[in-house]
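>>> Sequence and predicted structure are below.
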Amino acid sequence: MSSPAESVHVVCDPELYGTSIDQFFLFSAAAWVLLMQLGFSFLEAGTVSAKNTTHVLFKNTLDVVIGAVAFFVCGYAFAYGEGTAFAGANKFFLIGVDACDFGFYFFQYTFAAAATTIISGSVAGRTSVVAYISYSVIVTAFVYPIVVHWTWSSNAWLSTGDGTIGYGDFAGSGVVHAVGGMCAL
């Protein structure tokens, strides 16, 4: 009888997912992006009055937690599920996602959280917690993933995927910052 830890063994095809070092690099990059949340928190804490500092830090923590749940439930599905040119229509709750793609999910989640945190800087000290949670869920679960689907999915209508025709995005800077900036306005 094997233990549960011994019974789960995932082998990723190097042709599809790269080598172990590629997966390590993806997780490392995602960790760095997630650590940027600390910098955003410090920046925002320094721009509000002392009485609002705890409130801002609490809301930035909510960005990370609520963003993870919202992106898990439907954000990843809208961004990378097969569907129409508008949005994905499967992979909700990561059902049907290969275990080897979980690193990619985590990487993409960190950018969804970063887009939401860009908005938090524009409303720091001026928003109620309920309004903040509402916009955080809407942006992380719907708005950001749909724009991601338009630009990075296999049937994106804004890009061919190689950047030669239509919209070409370098390392996500356009998607993350354009969505964050436009929603902040």
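Here it is on my side, so go on. Numbering: from 1, shown residues only.
>>> distance between the helix or strand hosting Ile133 and the chain's centre?
Using DSSP states H and E, Ile133 sits within helix 129-138. Relative to its chain's centre, helix 129-138 lies at 16 Å (Cα atoms, centre = their mean, to the nearest Å).
>>> Now tell me what touches that helix from outside.
55, 58-59, 62-63, 66-67, 70, 116, 119-120, 123, 183 (Cβ atoms under 8 Å, 6 or more residues apart in numbering). In short, each C-beta sits where N, CA and C put it, glycine included.
>>> by contact count, what packs against the helix or strand following that helix?
Next along the chain after helix 129-138, taking DSSP H and E as the criterion, comes helix 144-152. For helix 144-152, the contact count by 3 or more Cβ pairs under 8 Å, 6 or more residues apart in numbering; DSSP states H and E identifies helix 76-80, helix 102-122, helix 173-184 as packing neighbours.
>>> Please tell me how far the spatially closest residue to Gly168 that is not a sequence neighbour sits from Ala30.
Among residues not flanking Gly168 along the chain, Ser159 sits closest, at 6.2 Å (Cβ to Cβ, 6 or more residues apart in numbering). With distances taken as Cβ to Cβ, to the nearest Å, Ser159 is found 22 Å from Ala30.
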